[in-house]
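Student: Could you look at this predicted model? Sequence included:
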Amino acid sequence: QWINIHGIKDQGKRIEICMKLFSEQENEYKMFEAMKFLMLYVVVELYDDMKNGEDVPSFCSFLFARDSSPDPLSFMLNHLNCVGDTGGLEQIEMFLLGFTLNLKIKTFRLYKYGTEEFESCYPVSCHREWHEVLLLTEDDRHYNVPIAWS
């Protein structure tokens with residue numbers, strides 16, 4: 001379905017199809033679980049690369065330094081499993097999400113307006129060709145995607 005949506009040039013038609021797709025809770029749940037699976041796959045790759053002395057993104061040292069996620073299995077059991085059910089993504093997992101999706105996630109923390117922490121990017125450095133998505137948050141637990149209706 002995503003390939004078909006991506007190929008639609010008419011923005012109104014694309015929005016209509018996306019709204020329909022995300023209005024079906026089962027589809028949304030499947031995409032959410034697929035995203036978590038992709039994140040786990042990337043964590044395994046990054047963990048192996050780090051153990052083999054290869055270059056990995058800087059967020060990996062923080063991800064695997066936590067007592068709750070020294071390895072991919074612990075990360076899955078202690079972090080990914082609860083995402084969406086009883087928990088959300090922590091900041092370090094936002095870096096992983098952006099890296100996994102090859103996406104720059106720019107977050108505006110409304111409650112930190114006027115400070116240098118108002119705007120954050122996940123990952124901090126990324127490839128120029130990565131798309132960017134904007135998020136708004138009031139508490140670092142609940143995120144909203146701003147959209148413009150014409």
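Tutor: Here it is on my side, so go on.

Student: would you list every one of the strands in the chain?
Tutor: Secondary structure of the chain (DSSP state E): strands located at 103-109, 119-122, 131-137, 143-144.

Student: for the first one, packing partners?
Tutor: Spelled out, that is strand 103-109. helix 91-100, strand 119-122, strand 131-137 (3 or more Cβ pairs under 8 Å, 6 or more residues apart in numbering; DSSP states H and E). Quick note: C-beta positions are derived from backbone N, CA and C, even for glycine.

Student: Between helix 91-100 and that strand, find me the angle.
Tutor: Orientation note: strand 103-109 sits at an angle of 150 degrees relative to helix 91-100 (axes from the mean of the first three to the mean of the last three Cα atoms, to 10 degrees).

Student: returning to that earlier point: closest one to residue 4 among the strands of the chain?
Tutor: With Cβ to Cβ as the measure, strand 131-137 is the member of the strands of the chain nearest residue 4 (18.3 Å).

Student: Spatially central residue in this protein, please.
Tutor: Centroid-nearest residue in the chain, with Cα atoms, centre = their mean: residue 97, separated by 3.0 Å.

Student: Please tell me how far residue 48 sits from residue 71.
Tutor: To residue 71, residue 48 is 11 Å away according to Cβ to Cβ, to the nearest Å.
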